[in-house]
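> The sequence and its predicted three-dimensional model are supplied below.
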Amino acid sequence: MHLLSSSCVGSLVLVLATLLCRVRCIEEVVGLYGETLEIPCNKGAVNGEDVKTITWKYHKGDGVSGNLLIKHKNENVSIDGSDEYKDRINMAANFSLLLTAAKLTDQRTFTCMVMAAKTAIDYYVKVLVYKAPEGVEISDKAEELEIGKLTKLATCVARDANPAAKIIWLKNNKPLSDDGKGISIQTSVQVDPVTSLSTTTSMLEYSANKEDTDAQFSCSSQHSVGKQMTSSPLTFTITYSTEHLILQVNAQELVEGDNVTLKCVADGNPAPSSFNFHLKGNVVTVNNTDTYTLTNVSRDTTGEYKCSLIDNPSMVASKEVTVDYLDINLSPTGSVVKNVGEALDLTFQSNSSRASKVSWTKDKVKLHKEPKFHKLTYSDSGHYECEVTMGALIKKLSFKLLVEGAPVIKQLSKQRGEDGQHKVLICEAEGSPKPSVSWSINGTSLHESPFVGGKVTHKITVVPTLNLTVLCTVSNKFGEDTREISVSPLFEEVRVDKRDQSEDGDQTKLVVGVVVGLLIVAMVIGLAYGIYQKKSKQGSWKTGERENGSSEEEKKLEEKVEENSQKAEV
């Protein structure tokens, strides 16, 4: 048996440690394509005081290594790289390898060999070079999508990436996934033989529905480095066959004389451009339009209307059209002339498709009810109008009534003027045409009221000096009327405290009559008393009554006569 010396044991331990480090000490570094890559030696933890030599190498493959650079203690870096690296490598102060313009071919294992006083250790670093895609773009966009049919929607491409970019399809910013039915996504990756960069291509096949009419489709790329990139959104024309028809009428309420437009609305896309309109038994075909207009409609237009597809007559839409109507009749109309006291037979009738409202006015003043004329008066004259409303429909009829007749004086009166120096005579008359008014005396301050309702009032101011009988005469083409009034002079009225002489005379006659009456009563009582006294005396002689008894009766009779005499004097 041979024993190993201590020096041999030390060398063996060093070799084993080196082998273990080569297995375990492998670091991974990621760099960006085209930028400077720093590859650390022992993660940058190298004690420069103990280092004698630092050597960087790279693995070419098949167990073959290539030299890059070497640095001895207290000496400058010596570049020993091949043509592939000699212009792109250098060493940092912490012994890291600096590699400019990183390429995909730089994805390999680099070795940092550290030689110290007593040890020699290799540090392995695996380099990865990443590159974000140049962008995403959509091509091969479909012209339109048909409902229920799986159609190629578009192709999305993310170019020149490492590793290859992942593509996601979006509808209204929500991811789509392949469901094997209405959505099919096929993705492929191609590597550029020169740059080794990968281009990802994704094709979307899609089965559309009506809700996709305004949907926005886009695609986005996802990568280990860089921001997520999204394409511009796309919209598509969704085509589908007509499933429903609707017949529309452009007016909510129709009245006779209106125009009405029928519109046939189809939900197909593209929508049909020609239709058949069924007009109460007649069929009219229209091309390149979806409307048909009925002009000057009447109540006979009311009924059911339909429209249908030319290429599919079984698809029909219908609509009930109602035309409102309003008929009114008024008798008489125009100008009506009647005599006062006559009757006017007024007849009004209305016929409408639904409830209506009737209102009357006279000279533009609203009446509470329909006028009735059983016995015409002058105040009935005027312009009458009947208005009937039914929704937006309004109709009017009118007549102008003129009541004529001979004038009649309704009142003839007098009154004292406000200054007490004159009298005002007032003559009120009715008649039509307007009666003219005349007086039998002259006066001043003539005043006439407006002629309204067949009435006129005429006033005249006079200063009478004698008792007068004044006549007022009113006349028109149908006749005249005259009345008289007594007017006393003003100076007599002053003597009797300005009261009207006619009134004073009446009072004087009353007093004289009372006095005469009392005198006659006294004479009758006196005559009765004498007869009574004579009979009393004769009776006492016949019966033999005592004188004193007759005297007592005479006394009572005298008291009664005296009492009546006192009343008469009063």
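All right, it came through fine.

> okay but Cys307 is in contact with Gln248, surely?
No - at 9.5 Å, Cys307 does not count as touching Gln248 under the criterion of Cβ atoms under 8 Å. All C-beta atoms are positioned from the backbone trio N, CA, C, and that covers glycine.

> joint contacts of those two?
262, 264 (Cβ atoms under 8 Å, 6 or more residues apart in numbering).

> Tell me which other helices or strands the longest strand seen in the chain touches.
In the chain, assigned by DSSP state E, the strand with the most residues is strand 393-416. In terms of contacts (3 or more Cβ pairs under 8 Å, 6 or more residues apart in numbering; DSSP states H and E), strand 393-416 is packed against strand 326-331, strand 334-339, strand 382-390, strand 423-432, strand 468-476, strand 479-487.

> who's in contact with the first one?
The set of residues that contact strand 326-331 without belonging to it, under Cβ under 8 Å, 6+ apart, is 255, 345-353, 356, 386, 388, 390, 393, 395, 397-399.

> Assign the residue nearest the centre of the chain to helix, strand or coil.
Centroid-nearest residue in the chain: Gln252, 16.6 Å away (criterion: Cα atoms, centre = their mean). Here Gln252 is recorded as coil under DSSP: H, G, I helix; E, B strand; the rest coil.

> residues touching it, list them.
Counting by Cβ under 8 Å, 6+ apart, Gln252 has no contacts.

> measure it to Leu294 for me?
To Leu294, Gln252 is 16 Å away according to Cβ to Cβ, to the nearest Å.

> Gly334 too?
Taking Cβ to Cβ, one finds Gly334 at 35 Å from Leu294.

> repeat for Leu245
Distance from Leu245 to Leu294, by Cβ to Cβ: 19 Å.

> quick one: low-confidence parts of the stretch 301-450 of the chain?
445 (pLDDT under 70).

> So Gly281 versus Gly303, what's the distance?
Relative to Gly303, and taking Cβ to Cβ, Gly281 is found at 9 Å.

> So which of the two has more stuff around it?
Gly303 (12 against 6; other Cβ atoms under 10 Å).

> returning to that earlier point: more neighbours, Cys307 and Gln248?
Legend: neighbour count by other Cβ under 10 Å for Cys307 and Gln248, higher for Cys307 (28 against 14).

> Who does that one form a beta bridge with?
Phe277, Ala317 (DSSP bridges).

> and it, what does it touch?
Counted by Cβ under 8 Å, 6+ apart, Cys307 has contacts 245, 247, 262, 264, 275-278, 292, 316-317.

> at 6 Å instead, please
Cys307 is in contact with 247, 264, 275, 277, 317, counting by Cβ atoms under 6 Å, 6 or more residues apart in numbering.

> how deep is Asp160 tucked in, by neighbour count?
17.

> I'd say it and Glu134 touch.
Yes - assessed by Cβ atoms under 6 Å, Asp160 is found in contact with Glu134 at 5.0 Å.

> quick one: which of Gly334 and Leu294 has more around it?
Set side by side, Gly334 and Leu294 give different neighbour counts by other Cβ under 10 Å, the larger being at Leu294 (19 against 7).

> Excluding sequence neighbours, find me the nearest residue to Val316.
Nearest non-adjacent residue to Val316, counting by Cβ to Cβ, 6 or more residues apart in numbering: Ser308, 4.5 Å away.

> Same question for Val283.
The nearest residue in space to Val283 (Cβ to Cβ, 6+ apart) is Asn276, at 5.6 Å.

> Which pLDDT value goes with the spatially closest residue to Gln216 that is not a sequence neighbour?
Leaving aside its chain neighbours, Gln216 sits nearest to Pro233 (3.8 Å; criterion: Cβ to Cβ, 6+ apart). Pro233 carries a pLDDT value of 94.

> Pass me the low-pLDDT residue ranges in the protein, would you?
Along the chain, segments meeting pLDDT under 70 span 1-25, 445, 491-519, 521-522, 524-526, 528-570.

> Helices along that one, start to end?
All helices of the chain, identified by DSSP state H, fall at 6-24, 490-495, 501-543, 547-569.

> buried sites along stretch 71-91?
71, 77, 79-81, 85, 88-89, 91 (16 or more other Cβ atoms under 10 Å).

> So what would you say the end-to-end distance of that stretch is?
Distance across stretch 71-91, first residue to last, is 9 Å (Cα to Cα, to the nearest Å).

> swap in stretch 204-214?
18 Å.

> same question, stretch 158-167
This stretch, stretch 158-167, spans 7 Å end to end (Cα to Cα).

> Work out the gap between it and the centre of the chain.
With Cα atoms, centre = their mean, to the nearest Å as the basis, stretch 158-167 stands 56 Å off its chain's centre.

> what do you get for stretch 362-374?
The answer for stretch 362-374 is 38 Å, by Cα atoms, centre = their mean.

> With only the CA atoms kept, save that stretch in CSV.
Output of stretch 362-374 as CSV, limited to C-alpha atoms (Å, rounded to 0.1, in the frame of the first residue of the first chain):
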residue,chain,number,x,y,z
LYS,A,362,-120.3,86.1,-30.2
ASP,A,363,-118.2,89.1,-31.4
LYS,A,364,-115.1,87.1,-30.3
VAL,A,365,-116.5,86.8,-26.7
LYS,A,366,-117.0,83.2,-25.6
LEU,A,367,-120.5,81.9,-25.0
HIS,A,368,-121.3,79.3,-22.4
LYS,A,369,-123.6,77.3,-24.6
GLU,A,370,-125.1,77.1,-28.1
PRO,A,371,-127.3,80.2,-28.8
LYS,A,372,-131.0,79.9,-29.1
PHE,A,373,-133.3,82.5,-30.8
HIS,A,374,-137.0,82.0,-29.9
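
> Would you mark the buried spots in that stretch?
Phe373.

> Outside of that stretch itself, list whatever touches it.
Residues contacting stretch 362-374 (Cβ under 6 Å, 6+ apart): 343-344, 360, 382-384.

> from those residues, which would you call buried?
Buried by 16+ other Cβ under 10 Å: 344, 360, 382, 384, out of those.

> Tell me which two in those residues are the farthest apart.
Maximum pairwise distance among those (Cβ to Cβ): 14.3 Å, between Leu344 and Trp360.
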